[in-house]
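need a 3D model of the sequence below.
(one chain, ligands or ions: 1)
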Amino acid sequence: MTTNEETFDVIVVGSGGGLVGAYVAASRGLRTLVIEKTGLVGGTTAYSGAGLWFPGSAPLKRAGIDDGDLEEARTYLRDLVGDSSREDLQNAYLNAGVALIDELEQNRWFQSFVHGPVPDYYPSQPGATLHGRTIFPPSVLAAELGDNAPLIRTSIPSERFGYDEGPEINGGRALIGRALMAFLETGNGVLRLNTALESLVVEGGKVVGVDAVSGGQNIRLRATGGVILAAGGYERNGELRTKFSAVPITGEYSNGVVSNTGDALQAGITIGADTDLLDEAWFIPGLIQPDGLPVFHTGTRGGIFVNAAGERFVNETQPYDQTGHAIYNAEATTGVSHSPAHWVFDQMQFERDGIGRDPAAGVDAEWFTSGALKKADTLEELAQIIGVPFEALSRSIEEFNGYAESGVDEKFHRGETPWDQMFHHMVGFAAHPEQNYIVPIETDLPNPLVVPIGEGPYYAATIVLSDIGTKGGLKTDARARVLGQDGRPIAGLYASGNTMAAMSGSVYPGAGTPIGSSLAFSYLAALDIAGEGQAGE
Ligand SMILES: Cc1cc2nc3c(=O)[nH]c(=O)nc-3n(C[C@H](O)[C@H](O)[C@H](O)COP(=O)(O)OP(=O)(O)OC[C@H]3O[C@@H](n4cnc5c(N)ncnc54)[C@H](O)[C@@H]3O)c2cc1C
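Residues are numbered from 1 along each chain as shown. All right, here's what the predicted structure looks like:
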């Protein structure tokens, strides 16, 4: 039973990337409510590095990179994504990215995004660039955000491992902190935490609000202009993952926030919205930690990944989404288990890079006591501990060591692309906020990323199929309007980010596409509600 009703112009469901759309709506004088299921603002966006793949945007131009009239970027995106998303969606994304950043940079909280050189993920694709098209927001001091600073979700290392965030807010937390301040400063923005969308209210064929639960109370929130569903994906909904995925996924291994359980997707489906790409996710290889759960793993230099048959199956250094998809596809088609896979390396790799995000911090004993990291004096013993055939494992290593000698990984071409090399300072990378993660290479190997596996002791860590959000969802048009089964927009309903079927289809074109999509489509939704809907077309 609904006991309370309130009316706004716009309701945004979810406080991740949708917060930017909320700001845009509020900045146009629209009374805008953001409801957030949890007690914290930011969702998975707050966990992120806040890279935004926005070709042609002003920060790129300031860095001397001109994507001109976006033709090159359009070619790159179109050739890659093909028909796995609508072409008008792809164009809307590109156009919106430029316009949004121009607009945001007018606001004091969003001034001066910076370019960070992250090569596009498909370097041989027409239109790909070495410098990439990714921009980042600058850090901000927690003190500048005042009472709002504690509302921002902390990072995964802080939530799970108790790392101190310190006085500076960076990455996705900075983006969220800045968006929250800009939104509230409009004077038209209301934030309601611990308030979860349950269903959509439809009257006369139009979505006019949401039924929600707020602090245990059922409430009806009305929106005269529109409802923007920006509630992330369904990465944490085991039932939906099982239903849509070709391989068993429960959601437990996702790196998305636990509150992303597909509520908005289901509310949209209930009122007749169409969906697409529901078997897709922004897949990643996850490295199991001592707490038994994975974190986003990228930047492998030494060692190899092997499946349950002891065979190498992937270029371990390629963009994470491609490795994630390789695990997913192998799991679905080969009959051999690839999740878990085993990251096998030697003592030299262990001493040089450690295993966590911060090699300098060393490797705590709990890595071994928890079983997250296994150690053996000989390869034979290691094979036995991890349960893979020794002959196959040693054959895989011998073959890989042969590639190390020639410098050419004939099977998977490891270390050959700018992206592979970027993580090891072989390609300029200084402006990237994650630069502490990078270990510069001093080596005389013919291919510094194909390092032979040498003397023991030997180690094995566990790699599992993980993700940073699902990417299937509600179908939208170029104005972020949710489409019904008949292909026509459902009046009053919009979707963005991982609640919508991704404009990038089954592909991850470059660093910052997920959050880019969250920002761009919540922006387009806000513009449409404000009567400026043609802007992205
Ligand atoms: C470590 C890490 C690094 C990453 N780095 C990048 C990067 O640099 N660039 C990039 O583009 N992507 C990155 N990603 C991926 C990216 O962060 C996510 O895919 C993206 O942020 C999802 O944005 P969103 O707005 O769709 O959802 P979210 O940011 O997750 O926001 C959704 C919000 O909706 C709330 N919600 C859910 N259900 C309801 C409901 N019923 N009612 C009300 N609220 C609800 C959730 O609690 C959540 O706060 C990274 C991810 C991780 C984990």
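
what is the helix or strand of the chain with the lowest mean pLDDT packed up against?
Sorting the helices and strands of the chain by mean pLDDT, DSSP states H and E puts helix 418-422 at the bottom, at a mean of 83. Using 3 or more Cβ pairs under 8 Å, 6 or more residues apart in numbering; DSSP states H and E as the contact test, no helix or strand touches helix 418-422. Glycine gets a C-beta too; all of them are placed from N, C-alpha and C.

Glu87 contacts Arg78, doesn't it?
Yes: using Cβ atoms under 8 Å, Glu87 is in contact with Arg78, at 6.6 Å.

neighbours of the closest residue to the ligand within the stretch 1-150 of the chain, how many?
Residue of the stretch 1-150 of the chain nearest the ligand, by Cβ to the nearest ligand atom: Gly16 (2.0 Å). By the criterion of other Cβ atoms under 10 Å, Gly16 has 36 neighbours.

assign it to helix, strand or coil.
coil (DSSP: H, G, I helix; E, B strand; the rest coil).

out of everything not next to it in sequence, what's closest to it?
Of all residues not flanking Gly16 in the chain, Gly43 sits nearest, at 3.2 Å (Cβ to Cβ, 6 or more residues apart in numbering).

how near is Arg481 to Ala273?
Going from Arg481 to Ala273 by Cβ to Cβ, to the nearest Å gives 10 Å.

what residues are shared contacts of those two?
Common neighbours of Arg481 and Ala273, using Cβ atoms under 8 Å, 6 or more residues apart in numbering, are Ile490, Leu493.

where does the chain dip in pLDDT?
For the chain, the stretches with pLDDT under 70 are 1-3, 356-362, 423-442, 535-537.

domains of it?
Domains of the chain are assigned by automatic domain parsing as 3-50+139-278+471-529, 281-466.

return the most buried member of these.
The highest mean neighbour count among the domains of the chain, using mean count of other Cβ atoms under 10 Å, belongs to domain 3-50+139-278+471-529: a mean of 22.

strands of the stretch 1-150 of the chain, start to end?
Assigned by DSSP state E, counting those that start in this stretch, the strands in the stretch 1-150 of the chain fall at 4-13, 32-35, 52-53, 114-115, 134-136, 140-141.

what packs against the first one?
Looking back up the chat, that one is strand 4-13. helix 18-27, strand 32-35, strand 206-214, strand 217-229, helix 513-529.

residues in contact with that strand?
For strand 4-13, the surrounding residues in contact (Cβ under 8 Å, 6+ apart) are 18-19, 21-22, 25-26, 30-35, 190, 197, 209-210, 217-231, 264, 522, 526, 529.

residues of the stretch 351-500 of the chain that sit close to the ligand?
Within the stretch 351-500 of the chain, the residues that sit near the ligand (Cβ under 6 Å from any ligand atom) are Ile468, Gly469, Gly497, Asn498.

what separates the helix or strand hosting the second one from the chain centre, distance-wise?
With the criterion set as DSSP states H and E, the secondary-structure element containing Gly469 is strand 458-470. Strand 458-470 sits 15 Å away from the centroid of its parent chain (Cα atoms, centre = their mean, to the nearest Å).

tilt between it and helix 513-529?
Angle of strand 458-470 versus helix 513-529, following axes from the mean of the first three to the mean of the last three Cα atoms, to 10 degrees, is 10 degrees.

after strand 458-470, heading C-terminal, what element do we hit next?
The element immediately downstream of strand 458-470 (helix or strand, assigned by DSSP H and E) is strand 473-474.

for that following strand, packing partners?
Strand 473-474 is packed against helix 263-270, strand 275-276, with contacts defined by 3+ Cβ pairs under 8 Å, 6+ apart.

got a list of contacts for the first one?
Looking back up the chat, that one is helix 263-270. Identification of contacts with helix 263-270 by Cβ under 8 Å, 6+ apart yields 13-14, 37, 196-200, 210, 229-234, 240, 275, 473-474, 482, 493, 495, 499.

can you do 6 Å?
The contact list for helix 263-270, computed with Cβ atoms under 6 Å, 6 or more residues apart in numbering, reads Val13, Leu197, Ser199, Leu200, Leu229, Ala231, Tyr234, Gly473, Leu474, Val482, Thr499.

try the last one
Contact partners of strand 275-276, identified using Cβ under 6 Å, 6+ apart, comprise Lys475, Ala501.

now do the helix or strand that it is followed by against strand 458-470: the angle between them, please.
Sequence-wise, the next helix or strand downstream of strand 275-276 (DSSP H and E) is strand 281-288. Comparing the axes of strand 281-288 and strand 458-470 via the same axes, to 10 degrees yields an angle of 150 degrees.

could you list the paired strands of strand 281-288 along with their orientation?
In the sheet, strand 281-288 lines up against strand 294-296 (antiparallel), strand 458-470 (antiparallel) (DSSP bridges).

off-centre distance for that strand?
Centroid separation between strand 281-288 and its chain, computed with Cα atoms, centre = their mean, is 10 Å.

stretch 245-260 now?
The gap between where stretch 245-260 is centred and where its chain is centred comes out at 13 Å by Cα atoms, centre = their mean.

that one and the ligand in contact?
Yes: interface with the ligand: stretch 245-260 contributes Asn255, Gly256, Val257, Ser259, Asn260 (Cβ under 6 Å from any ligand atom).

the strand holding Gly469 to helix 263-270, inter-axis angle?
Using the same axes, to 10 degrees: strand 458-470 against helix 263-270 is 50 degrees.

show residues contacting strand 458-470.
With Cβ under 6 Å, 6+ apart as the test, strand 458-470 has contacts from 44, 233-235, 253-256, 281-286, 288, 294, 305, 327-328, 339-346, 350, 373-376, 379, 382, 386, 498.

how far does stretch 477-490 sit from its chain's centre?
Per Cα atoms, centre = their mean, the centroid offset for stretch 477-490 relative to its chain is 25 Å.

mind checking the end-to-end distance for it?
Taking Cα to Cα, to the nearest Å, stretch 477-490 runs 11 Å from one end to the other.

residues making contact with that stretch?
Under Cβ under 6 Å, 6+ apart, the answer for stretch 477-490 is 88-89, 92, 268, 272-274, 474-476, 493-496, 521, 524-525, 528, 533, 536-537.

any idea which element the closest residue to Lys206 other than its chain neighbours lies in?
Distance criterion Cβ to Cβ, 6+ apart; nearest residue to Lys206, sequence neighbours excluded, is Ala491 at 4.0 Å. Using DSSP H and E, Ala491 sits in strand 489-495.

that strand pairs with which strands, and in what direction?
Take DSSP bridges as the rule and strand 489-495 pairs in its sheet with strand 217-229 (parallel), strand 481-483 (antiparallel).

which of those strands sits closest to Phe110?
The minimum distance between Phe110 and the strands paired with strand 489-495 falls on strand 217-229, with 19.1 Å, by Cβ to Cβ.

contacts for the closest one?
Strand 217-229 has contacts (Cβ under 6 Å, 6+ apart) with 2, 4-13, 21, 207-212, 264, 492-495, 499, 522, 525, 529.

related to what we said a few turns ago, compare the strands paired with strand 281-288 and give me the one nearest Val247.
Across these, Val247 has its closest neighbour in strand 458-470 (7.2 Å, Cβ to Cβ).

restrict that closest one to CA atoms and write it as PDB.
Coordinates of each C-alpha in strand 458-470 appear next as PDB, following Å, rounded to 0.1, in the frame of the first residue of the first chain:
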ATOM      1  CA  TYR A 458      56.600 -22.000  -8.800                       C
ATOM      2  CA  TYR A 459      53.300 -20.300  -8.000                       C
ATOM      3  CA  ALA A 460      49.700 -20.500  -9.200                       C
ATOM      4  CA  ALA A 461      47.000 -17.900  -8.600                       C
ATOM      5  CA  THR A 462      43.300 -18.300  -9.600                       C
ATOM      6  CA  ILE A 463      41.700 -16.400 -12.500                       C
ATOM      7  CA  VAL A 464      37.900 -16.500 -12.800                       C
ATOM      8  CA  LEU A 465      35.400 -15.000 -15.200                       C
ATOM      9  CA  SER A 466      34.300 -11.700 -13.700                       C
ATOM     10  CA  ASP A 467      32.800  -8.500 -15.000                       C
ATOM     11  CA  ILE A 468      32.500  -4.800 -14.300                       C
ATOM     12  CA  GLY A 469      28.800  -4.800 -15.000                       C
ATOM     13  CA  THR A 470      26.300  -6.400 -17.400                       C
END
